[in-house]
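>>> all I have is the shape, not the residue letters:
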């Protein structure tokens, strides 16, 4: 398996992975909207290939903290998609790890995700709410641990606080239910 950064030429492959992984158009439409949304830029879109077949995709989009708009560089991971026959084989983890590596090298401070609290901590994520980092929309208490963050630079956790302001394409309450 190899991972490469997706370009505009890969759009149909990206959307196909999203449709196949989620079994509907919703995530594919979200990805298309995010890739066109200037408030999501810069973004990082990565594809996983097994031979010539596209088997996974992850998208990281730009965001900011409400109380510290320019002081902290943050990104949101959403969505992560792996086609069903390649799930549970480490594809998603490799996409996350490669994305985190590239974002760290580019100077991003924090990466956020709303996802399964049994999965993302394996890749360095921890609950964000208790660190003073609020989601763009309220997360019910029973799902509070699904809103997670990973610090990519030292000294950011504990000093950065506030609510995450996401790209315009993600500003729909239905995207913030885990």
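Cool, got the structure. Please read all numbers here as calculations on a predicted model, not as lab measurements. Residues are numbered from 1 along each chain as shown.

>>> hey, let's count contacts and neighbours off CA atoms from now on
Noted.

>>> residue contacts, the residue nearest to residue 46 when sequence neighbours are not counted?
Distances taken as C-alpha to C-alpha, 6 or more residues apart in numbering place residue 5 nearest to residue 46, at 4.5 Å, with adjacent residues excluded. Residue 5 is in contact with 44-47, counting by C-alpha atoms under 8 Å, 6 or more residues apart in numbering.

>>> the residue nearest to residue 74 when sequence neighbours are not counted: neighbour count?
Excluding its sequence neighbours, the residue lying closest to residue 74 (C-alpha to C-alpha, 6+ apart) is residue 110, at 4.7 Å. Residue 110 has 24 neighbours, counted by other C-alpha atoms under 10 Å.

>>> contacts only, for residue 110.
72-75, 149-153, 156.

>>> and with 10 Å instead?
63-64, 72-76, 100, 103-104, 149-154, 156-157, 160 (C-alpha atoms under 10 Å, 6 or more residues apart in numbering).

>>> who does it bridge with?
Here residue 110 sits in beta bridges with residue 74, residue 151, going by DSSP bridges.

>>> could you tell me how far it is located from residue 147?
13 Å (C-alpha to C-alpha, to the nearest Å).

>>> return a ChimeraX selection command for the buried portion of the contacts of residue 110.
Those of the contacts of residue 110 that count as buried under 16 or more other C-alpha atoms under 10 Å are selected in ChimeraX with:
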select :63,64,72,73,74,75,76,100,103,104,149,150,151,152,157,160
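
>>> run a quick check on residue 127 versus residue 141, I expect a contact.
No: using C-alpha atoms under 10 Å, residue 127 makes no contact with residue 141, being 11.9 Å away.

>>> and the two? which has more neighbours close in?
Legend: neighbour count by other C-alpha under 10 Å for residue 127 and residue 141, higher for residue 127 (21 against 8).

>>> what's the closest non-adjacent residue to that one?
Distances taken as C-alpha to C-alpha, 6+ apart place residue 148 nearest to residue 127, at 4.3 Å, with adjacent residues excluded.

>>> and the pLDDT at that neighbour?
Listed pLDDT for residue 148 reads 98.

>>> any idea how many residues pack against the residue nearest to residue 1 when sequence neighbours are not counted?
Distances taken as C-alpha to C-alpha, 6+ apart put residue 50 closest to residue 1, at 4.5 Å, once the chain neighbours are dropped. For residue 50, the neighbour count with other C-alpha under 10 Å is 13.

>>> spit out the contact partners of residue 50.
Residue 50 makes contact with 1-3, 56, 86, 91, according to C-alpha under 10 Å, 6+ apart.
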